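Novice: With the input below, show me the fold.
(one chain, ligands or ions: 1)
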Amino acid sequence: MPELPEIETIKVQLAEVLPGRIINKVEILKAKSFIGDKKQIEGKKVVGVERKAKLLLIELDRGVDLAIHFKMTGQLIYVNKDKRIAGGHPTLDFVGELPSKHTRVIFHLDQGTLFFNDQRIFGWIKVVESGELKVESFWEKLGPEPFDLDEEQFIKIFIKLKQPIKLALMDQAKISGVGNIYANDACWEAKVNPRRLANSLTRKQYTDLYFGVIKVLNEGIKFGGATAADAKYIDLHGLGGHYQDHFRVYDREGEMCLRNDDGIIHKLSLGGRGTYFCPACQR
Ligand SMILES: [Zn+2]
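Specialist: Numbering: from 1, shown residues only. Model (predicted):
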């Protein structure tokens, strides 16, 4: 599932090519994937690309925007002659022929084509009035991003919660944008056991966790997000991110802790998600 750094990466890349482009025609191959009237956006010009947590917003002129949620397997691929930009959930479609059997919506632009692919069809694209999203329930349910909080505000959120700290970090209503990969690695940064109750950390652990979350998210953005180990082919084409080369504990079960403390990374399931930690340094 794409997380904040992956969405930020595709946002930055699309912001270089989409503004100024006209959406000539929208082809909807799967009705469930597109909410709204495509006539409202045909003929309109892209004026910007923004992100709120894991939601991407393509801003159009004359009062409408496109909100895009990637969910588990959504991806956006822009193709213009030899140029290709791909983001979201990485699969062979990043580098293969398009449209593919997973293509749900095609935006024919005055220069190039934008494909929305989604294997499992949980993602969606929605036509919204500019500004409308802010009052929509989805938007309101999102907590602030870690980047929008200072240390004290961060502590105030978690000191009240009686759930395991890793689950609290991933609760989008509390803070938004932290998914499984970065929650795992942030707990390691702070030397906190992911099962510890959120209200039970020491002052120093809250502080270390705050800076740990910011650090791993920034690193994720710096390396263009993470690409799964089974998607190495994407790298051959210069697409996909490299945060996977910098995982602290995520996906490192059985490997030595990076702190060289003789700890071996342990894996368990917490809230149904793979949870990794070092028993030696994460208390
Ligand atoms: Zn360790």
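Novice: What parts of the protein come near the ion?
Specialist: 257, 259, 261, 263, 278, 280-281 (C-beta under 5 Å from the ion). For the C-beta atoms, the positions are set from N, CA and C on the backbone; glycine is no exception.
Novice: Separate out the buried members of these.
Specialist: Burial by neighbour count, 16 or more other C-beta atoms under 10 Å: within the residues of the chain next to the ion this picks out 257, 263, 278, 280-281.
Novice: I'd like those laid out as CSV, including pLDDT.
Specialist: Supplementary listing: these in CSV, determined by pLDDT from 0 to 100:
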residue, pLDDT
Cys257, 98
Gly263, 98
Cys278, 98
Ala280, 98
Cys281, 98
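Novice: TSV please, covering these and showing secondary structure.
Specialist: Compiled in TSV, these are given as follows (DSSP: H, G, I helix; E, B strand; the rest coil):
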residue	secondary structure
Cys257	coil
Gly263	coil
Cys278	coil
Ala280	coil
Cys281	coil
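Novice: low-confidence ranges in the stretch 1-150 of the chain?
Specialist: 133-140 (pLDDT under 70).
Novice: What segments of it are strands?
Specialist: In the stretch 1-150 of the chain, the segments counted as strands under DSSP state E, counting those that start in this stretch are 23-28, 34-35, 46-52, 55-60, 64-69, 74-80, 83-88, 103-109, 113-118, 124-129.
Novice: again, but for the stretch 151-283 of the chain
Specialist: Chain-ordered strands for the stretch 151-283 of the chain, with DSSP E, counting those that start in this stretch as the definition, fall at 266-270, 273-277.
Novice: Same list (the residues of the chain next to the ion) but as JSON lines, adding distance to Leu197.
Specialist: Shown next, in JSON lines, are those (distance: C-beta to C-beta, whole Å):
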{"residue": "Cys257", "distance to Leu197": "23"}
{"residue": "Arg259", "distance to Leu197": "24"}
{"residue": "Asp261", "distance to Leu197": "24"}
{"residue": "Gly263", "distance to Leu197": "22"}
{"residue": "Cys278", "distance to Leu197": "19"}
{"residue": "Ala280", "distance to Leu197": "21"}
{"residue": "Cys281", "distance to Leu197": "19"}
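Novice: In space, what's closest to Gly87 - neighbours in sequence excluded?
Specialist: Nearest in space to Gly87, with sequence neighbours left out and distances taken as C-beta to C-beta, 6 or more residues apart in numbering, is Ile10 at 2.5 Å.
Novice: My guess is the one you found contacts Pro90. True?
Specialist: No: under the criterion of C-beta atoms under 8 Å, Ile10 makes no contact with Pro90, lying 10.9 Å away.
Novice: doesn't Asn199 make contact with Lys160?
Specialist: Yes: at 6.5 Å, Lys160 and Asn199 qualify as touching, with contact defined as C-beta under 8 Å.
Novice: For the residue nearest to Gly87, list the residues it contacts.
Specialist: Contacts were defined as C-beta atoms under 8 Å, 6 or more residues apart in numbering; by that measure Ile10 touches 56, 76, 85-88.
Novice: Ok, Arg195 next?
Specialist: With contacts defined as C-beta under 8 Å, 6+ apart, the neighbours of Arg195 are 164-166, 270, 275.
Novice: Looking at those residues, spot the one nearest Val47.
Specialist: Set against Val47, the nearest of the contacts of Arg195 by C-beta to C-beta is Lys166 (38.6 Å).
Novice: contacting residues for the closest one?
Specialist: In this structure, Lys166 makes contact with 183-184, 187, 194-195, 270-271, 275, judged by C-beta under 8 Å, 6+ apart.
Novice: same thing but at 7 Å, please
Specialist: The contact partners of Lys166, taken as C-beta atoms under 7 Å, 6 or more residues apart in numbering, are 183-184, 187, 194, 270, 275.
Novice: Save these as JSON lines, and put in pLDDT and neighbour count too.
Specialist: As requested, the contacts of Lys166 are exported to JSON lines (pLDDT from 0 to 100; neighbours: other C-beta atoms under 10 Å):
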{"residue": "Ala183", "pLDDT": "97", "neighbour count": "24"}
{"residue": "Asn184", "pLDDT": "98", "neighbour count": "29"}
{"residue": "Cys187", "pLDDT": "98", "neighbour count": "31"}
{"residue": "Pro194", "pLDDT": "98", "neighbour count": "23"}
{"residue": "Leu270", "pLDDT": "97", "neighbour count": "20"}
{"residue": "Thr275", "pLDDT": "98", "neighbour count": "23"}
